[in-house]
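S.K.: Whatever this is, show me its structure:
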Amino acid sequence: MAATDVLDEIVDTARYPLGDPTGAARGEAVARARAELAESGCTVLREFIRPELIATLRAEGEAMAPDAHYEVERVNAYNIPLNTELPQDHPGRIVLERGNAFVPRDRIPAEAMIHRLYTSTVFQRFVADCFGLTELHEFADPLAGLCLNVVAPGMAHPWHFDTNEFTVSMLTQPAQTGGIFEYCPNIRSPHAENLDDVRDVLTGSGAQLIRHLDLRPGDLQLFQGRFSLHRVSPVEGGTARHSAIFAYTDRPGVIGTVERTRQLFGRVLPDHLAAAADAVRGDRLLD
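M.R.: Residues are numbered from 1 along each chain as shown. Sure thing, here's the model as predicted:
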């Protein structure tokens, strides 16, 4: 099946005609995304998936969820070892509890809707244009390239920064209560950690820095999570929160660190060990 046929089947192309690179509607969607990303580091393309496929999107996520790696861990917002030597008042010394789980890419069927979308070159070109990138690549990481984030009732995905500068995600199943995406737009920059603001958010005194985002199944979220502290608030009720994470990068061959991979998936593969010595970072931020 051609790439455009995949998108015609999955995406509401009447709203988002991704296959028409010079079309006015696509251009307007890209311009709006770029403007919102520049303002707040986040944009949401509402009802990106065809409405008649939302039930299928949710059912596929429910079928994958049992393959998630569950392990409640003590972490910090920078996802670095807790014994890292830091000043006494550094926010990296604040310990959080991470209870969300991830279904890795090698447990996601190739025929699943999120996998077909993730690997679509037309979709990738659209995402790249929204972020203002000349090129976009799938993660070379065999586990973290595409995953399903599962937050069970009573659990949360605590405050953290992303390793990658940009993130693409899609809610596939909302929580019954709670499970709200919260973020602090551009709380740090490539050149400044802004530790005081980060500490305020982590200690509960930075409410003025936090935005709350109401996401619905099928909405496509583009986010610059490397510079914006963010979390999923505790999930309540009887329904887990599921979201697909589409991991892309602006350079080829990117593989996650051994420490982060073990945190998220409970295992590492030879690819991660081989890449550890050759890790390349685009800035000097803590994580």
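S.K.: Quick one: residues contacting residue 181.
M.R.: 212-213, 215, 221, 230-232 (C-beta atoms under 8 Å, 6 or more residues apart in numbering). The C-beta positions use only the backbone N, C-alpha and C, and glycine is treated the same way.
S.K.: Try it again at 10 Å.
M.R.: Applying C-beta atoms under 10 Å, 6 or more residues apart in numbering to residue 181 gives the contacts 42, 44, 157, 169, 171, 211-215, 221, 223, 230-233, 241, 243.
S.K.: Out of these, which sit inside strands?
M.R.: 42, 44, 157, 169, 171, 211-213, 221, 223, 230-232, 241, 243 (DSSP state E).
S.K.: which residues touch the longest helix seen in the chain?
M.R.: For the chain, the longest helix by residue count, based on DSSP state H, is helix 24-40. If you take C-beta under 10 Å, 6+ apart as the criterion, helix 24-40 is touched by 13-21, 23, 42-45, 48, 126-132, 166, 183-186, 211, 213, 220, 222-224, 228.
S.K.: ok so, going back, mind checking which of the ones in strands among the contacts of residue 181 are buried?
M.R.: Taking 16 or more other C-beta atoms under 10 Å as the criterion, what is buried in these is 42, 44, 157, 169, 171, 213, 221, 223, 230-232, 241, 243.
S.K.: Any chance of TSV for the residues you listed, columns pLDDT and distance to residue 276?
M.R.: Rendered in TSV, the data for these read as follows (pLDDT from 0 to 100; distance: C-beta to C-beta, whole Å):
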residue	pLDDT	distance to residue 276
42	97	31
44	98	35
157	93	25
169	97	26
171	98	33
213	95	34
221	98	30
223	96	27
230	97	26
231	97	27
232	96	28
241	98	32
243	98	28
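S.K.: Look up how far residue 182 lies from residue 36.
M.R.: Counting by C-beta to C-beta, to the nearest Å, the separation of residue 36 from residue 182 is 17 Å.
S.K.: Now do the contacts for residue 141.
M.R.: Contacts for residue 141 (C-beta under 10 Å, 6+ apart) come out as 104-105, 147, 247, 249, 253-257, 260-261, 265, 269, 271-272, 275.
S.K.: In helices, which of these fall?
M.R.: Among the contacts of residue 141, the members that lie in helices (by DSSP H) are 260-261, 265, 271-272, 275.
S.K.: Quick one: buried ones out of these?
M.R.: Buried members of the ones in helices among the contacts of residue 141, counted by 16+ other C-beta under 10 Å: 260-261, 265, 272, 275.
S.K.: Looking at these, which two lie furthest apart in space?
M.R.: 265 and 275 (14.9 Å; C-beta to C-beta).
S.K.: pLDDT below threshold where in the chain?
M.R.: For the chain, applying pLDDT under 70 flags the ranges 1-5, 277-287.
S.K.: Helices along that one, start to end?
M.R.: Along the chain, the segments classed as helices by DSSP H run 3-10, 24-40, 54-64, 113-118, 121-131, 195-202, 258-265, 270-276.
S.K.: who wins for proximity to residue 87 among these?
M.R.: The closest of those to residue 87 is helix 195-202. By C-beta to C-beta, the value is 8.8 Å.
S.K.: Quick check: which helices or strands does that closest one pack against?
M.R.: strand 157-160, strand 181-184, strand 229-232 (3 or more C-beta pairs under 10 Å, 6 or more residues apart in numbering; DSSP states H and E).
S.K.: And the buried ones among the ones in strands among the contacts of residue 181, which is closest to residue 207?
M.R.: Of those, the one sitting nearest to residue 207 (C-beta to C-beta) turns out to be residue 231, at 13.3 Å.
S.K.: Identify the residue nearest the closest one in space, chain neighbours excluded?
M.R.: residue 159 (4.5 Å; C-beta to C-beta, 6 or more residues apart in numbering).
S.K.: Ok, residue 138 next?
M.R.: That would be residue 145: by C-beta to C-beta, 6+ apart, it lies 5.5 Å from residue 138.
S.K.: Could you measure from that neighbour over to residue 62?
M.R.: 21 Å.
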